[in-house]
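Student: Need the 3D shape of this:
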Amino acid sequence: MEHFIPNKSSGINTEMILKSLKKNPSDKIREILSGIKSSDFNSIGGIYLDEVLNIFFKLEGEITVPGISVKELDYKTGAAIFENMVKFAPEIFFNHSFMEKRKPAAEEHSLQFCRKIEGVVIDFVHVIRIDLRFTPGSGVIVSSGNNDIYPSYKSDRLFFKSRLVPVKKGSLPENIDSIKIKDSESIEADQRRFVSVIFEEKNRRPMSVELSKRAGSGIFPFSANIYPFITYDYFTSCLSLPDPLPHRIEEGALLFEPLFFYINSLYRGISDSAARGAEEIPDSLTIEGDNLSLTGEYIKKLNTFFSRYSIYTDDSLMLQGLRKIETA
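Tutor: Numbering: from 1, shown residues only. Sure thing, here's the model as predicted:
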């Protein structure tokens with residue numbers, strides 16, 4: 001069978017056809033990202049924690065999430081949702097790249113984006129993961145689901161995870177080549193010792209609380225049991241930013257580097273990169289014998305940075321099971 005090849009004389013724009021054929025849903029998401037301008041502003045009515053302490057943006061409007069496959073969110077559906085989502089929260093995604101290969105892969109109903117920020121000794125990758133699976137409290141059901149499809153729903157809530165991940169200098173941001181704080185842990189069970197990788201969601205929160213506490217007392221404005229600012233993810237300690245605006249991401253990465261070295265040293269001793277950190281950032285880190293310490297001046301900077309956050313609730317919010325994270 002002969003194939004029709006359009007040409008100029010046929011009146012058909014060959015270039016446009018080829019571009020259309022090549023474009024896939026992932027390219028559509030990248031196209032939307034590239035259209036976000038620095039002058040675009042969010043239409044967000046606040047940042048909240050729900051009754052099980054999941055964090056979300058309250059949008060000044062609603063998005064409709066169609067029925068998503070129980071298996072995973074396909075990117076054709078994801079692109080359509082994202083196009084509407086960006087209208088409300090363009091600043092959140094500004095300067096980010098689309099992570100087509102999800103990390104962690106287990107969050108198969110999420111859209112994931114990343115942005116690299118260069119540090120002094122190491123680099124950081126900001127990752128924002130948007131969870132679109134329907135769960136109780138997600139929104140109002142539009143149509144019911146079944147064994148294969150989650151319910152379609154409308155919502156003014158955008159559930160997310162925001163992480164500043166310490167990564168190896170010069171690594172590709174999409175690889176999330178994290179500087180691990182811990183590879184595995186031993187677990188006692190039935191008088192036998194097992195080694196299991198720490199990565200499952202059920203194990204993350206206790207470790208996050210532990211990391212936040214080991215960072216030092218008096219730094220964070222509220223309990224790590226409510227919202228841990230230092231979060232265990234990607235096998236390392238990450239800075240969890242509840243307000244991931246472009247300037248906050250940059251400021252957070254600059255501030256977090258010495259604190260990361262300090263926390264990491266509590267588990268793995270003083271690494272070569274941590275020793276370099278003490279040399280290159282002497283106003284924040286010092287080495288005293290076999291210990292890495294934070295300077296008083298740096299602790300003041302930490303206190304100033306985190307003092308902008310507070311938790312607010314009132315009778316109305318309590319009835320909804322909500323807490324509001326306020327930022328100065």
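
Student: mind listing the strands for the stretch 201-328 of the chain?
Tutor: Secondary structure of the stretch 201-328 of the chain (DSSP state E, counting those that start in this stretch): strands at 230-233, 236-240, 285-288, 291-294, 309-312, 323-327.

Student: Apologies, that question was intended for the stretch 51-200 of the chain.
Tutor: Using DSSP E, counting those that start in this stretch, the strands found in the stretch 51-200 of the chain span residues 55-65, 97-98, 110-118, 123-131, 140-143, 152-167, 184-189, 192-197.

Student: so what does the fourth one touch, helix or strand wise?
Tutor: In other words, strand 123-131. Packing partners of strand 123-131 (3 or more Cβ pairs under 8 Å, 6 or more residues apart in numbering; DSSP states H and E): strand 110-118, strand 152-167, helix 246-268. From N, CA and C alone the C-beta is placed, and that goes for glycine too.

Student: Quick check: neighbours of it in the sheet, parallel or antiparallel?
Tutor: strand 110-118 (antiparallel), strand 152-167 (antiparallel) (DSSP bridges).

Student: if we can go back for a sec, closest to residue 239 out of the strands of the stretch 51-200 of the chain?
Tutor: strand 152-167 (4.0 Å; Cβ to Cβ).

Student: Can I get the closest one in PDB, CA atoms only?
Tutor: Taking Å, rounded to 0.1, in the frame of the first residue of the first chain, the C-alpha atoms of strand 152-167 are listed here in PDB:
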ATOM      1  CA  SER A 152     -13.900  11.500  39.500                       C
ATOM      2  CA  TYR A 153     -14.100  14.500  41.800                       C
ATOM      3  CA  LYS A 154     -14.000  18.300  42.000                       C
ATOM      4  CA  SER A 155     -11.800  19.900  44.600                       C
ATOM      5  CA  ASP A 156     -10.300  23.200  45.800                       C
ATOM      6  CA  ARG A 157      -7.500  21.200  47.500                       C
ATOM      7  CA  LEU A 158      -4.100  20.400  45.900                       C
ATOM      8  CA  PHE A 159      -2.300  17.800  48.000                       C
ATOM      9  CA  PHE A 160       1.500  18.000  47.600                       C
ATOM     10  CA  LYS A 161       4.900  17.100  49.000                       C
ATOM     11  CA  SER A 162       7.700  19.600  48.700                       C
ATOM     12  CA  ARG A 163      11.300  18.500  49.300                       C
ATOM     13  CA  LEU A 164      14.700  20.000  49.000                       C
ATOM     14  CA  VAL A 165      16.900  17.000  48.500                       C
ATOM     15  CA  PRO A 166      20.700  17.100  49.000                       C
ATOM     16  CA  VAL A 167      22.300  15.600  45.900                       C
END
